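S.K.: please find the sequence and the predicted model below.
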Amino acid sequence: MAKGLKIAINMGGGDAPGLNAVTEAVVLSAFNRNWEVYGIKNSYEGLLDTDEIIRLTPEKVWHISSLGGTILGTTNKGNPFAMPITNIAGETEIRDVSDKVVENFKRLRLDCLIAVGGDGSLKIAYDLYKKGIPVIGVPKTIDNDLAATVATFGFDTAVSIATEAIDRLHPTAKSHDRVMVVEVMGRHAGWIALNSGISGEADVILIPEIPFDLDRICDSIMGLELQGQRYAIVVAAEGASPKGGGRIDKGKGEMGRQDVVLGGIGDFVAREISARTGKDTRSLVLGHLQRGGSPTTFDRLLSIRFGAAAVRLIAEDKFGSMVALDPPNIKAVPLEEVISGGLKGVPLEGDTVRTARDVGICFGD
């Protein structure tokens, strides 16, 4: 094999179906160019402890595209610009260890980093790019909330899992005349709740973009009884919030993370519905079930396209870019634009929301 480039790949943030498909596509595409690929375990932590870096060859990645999770591991606590470090006194403090990451990257004579992640992980990748590491970004988030790409892998799988769960709740809710409140992921954007809620024929959908009025929700549920439907399905994104109130959460995350840990909106809404209507009401949190399992055909194909496109961008010296879906093609978007472009919320006047309203779904507004 002729000497070629040495590229590295890592994963950041939460896992998503399709990460292994990206990895396989990167390794095979690079191998066919006589390049070497190294996997960095556990996000950027592997660039602090370089024993966590492994050589990836075709035989190590063949046929892993159908597998959920990631063979490299990932973490949402591996920010080298704010890394929790335990000192000799046993106390944890936050340090900027990004210089060490850059130093190790150069010492290993790596030519490029393919960084796979959501908005937080890509912000880290961009900051490392500004410090001299050639970077190509690959977007990953089941929330589908990155504005720079039409779709991210993992989203279609999450929606499919949520829809199947809602389908399974209909007969049990109907059998007991119950209201079932299903909490799905969606911190800032309600794409999962909206798409699974419509597909699963929910009666109420609650999303972060539309603060809800509990009285309106209860009126809608009681109105169903007048039509002969004595049960109801409510789908709530974890980031949904009542009018005039803050988001329901579990407090601050672990040290080194500024975001709060969301959760509890399903229980809150279920309790309120039960108290206000007297109906038997239960809640269900799908949680990490939405991240697990094999990726759907759409997510698998998109992941493979993203991985191959990332290698092409390296060949074209388009560092500091992220691959993005712009149907029918994959294009390069500068990471600076990705970071400044913000998140993609559900358009309230868009066709999908209008469709939901047309078929009688309540948003609590």
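M.R.: Yep, it's here.
S.K.: spatially central residue for this structure, please.
M.R.: With distances taken as Cα atoms, centre = their mean, T141 lies nearest the centre of the chain, 2.4 Å away.
S.K.: who's in contact with that one?
M.R.: In this structure, T141 makes contact with G13, G14, A16, G118, D119, T152, G154, F155, judged by Cβ atoms under 8 Å, 6 or more residues apart in numbering. For glycine as for every other residue, the C-beta is placed from the backbone atoms N, C-alpha and C.
S.K.: with P208 instead?
M.R.: Applying Cβ under 8 Å, 6+ apart, the residues near P208 are G186, R187, H188, A189, G190, A237, G239, A240, S241, R247, G345.
S.K.: ok, so what distance separates it from R33?
M.R.: Distance from P208 to R33, counting by Cβ to Cβ, to the nearest Å: 43 Å.
S.K.: now F268
M.R.: From F268 across to R33, the span is 53 Å (Cβ to Cβ).
S.K.: L194 now?
M.R.: 41 Å.
S.K.: same thing with G132?
M.R.: According to Cβ to Cβ, G132 stands 23 Å off from R33.
S.K.: now do A147
M.R.: Using Cβ to Cβ, A147 is found at 31 Å from R33.
S.K.: between the two, tell me which one has more neighbours.
M.R.: Just comparing A147 and R33: by other Cβ atoms under 10 Å the higher neighbour count belongs to A147, 17 against 14.
S.K.: out of the contacts of P208, list just those in strands.
M.R.: Among the contacts of P208, the ones falling in strands (DSSP state E) are A237.
S.K.: what's the closest of the contacts of P208 to I304?
M.R.: Checking these against I304 with Cβ to Cβ, the nearest one is A189 at 24.9 Å.
S.K.: now the closest one: how far from S241?
M.R.: From A189 to S241 the distance is 13 Å (Cβ to Cβ).
S.K.: pull the CA atoms of the top helix by length along the chain into CSV?
M.R.: Ranked by residue count and defined by DSSP state H, the top helix of the chain is helix 155-176. Backbone C-alpha positions of helix 155-176 (Å, rounded to 0.1, in the frame of the first residue of the first chain) are rendered in CSV as follows:
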residue,chain,number,x,y,z
PHE,A,155,-33.9,10.9,13.4
ASP,A,156,-35.9,8.6,11.2
THR,A,157,-35.1,5.6,13.4
ALA,A,158,-36.2,7.5,16.5
VAL,A,159,-39.4,8.5,14.9
SER,A,160,-40.1,4.9,13.8
ILE,A,161,-39.5,3.6,17.3
ALA,A,162,-41.7,6.3,18.8
THR,A,163,-44.5,5.6,16.3
GLU,A,164,-44.4,1.9,17.0
ALA,A,165,-44.7,2.6,20.7
ILE,A,166,-47.7,4.9,20.1
ASP,A,167,-49.3,2.2,17.9
ARG,A,168,-49.0,-0.3,20.7
LEU,A,169,-50.5,2.1,23.3
HIS,A,170,-53.8,2.6,21.3
PRO,A,171,-55.3,-0.8,22.1
THR,A,172,-54.4,-0.8,25.8
ALA,A,173,-55.6,2.8,26.2
LYS,A,174,-58.8,2.0,24.5
SER,A,175,-59.3,-1.2,26.6
HIS,A,176,-59.2,0.8,29.9
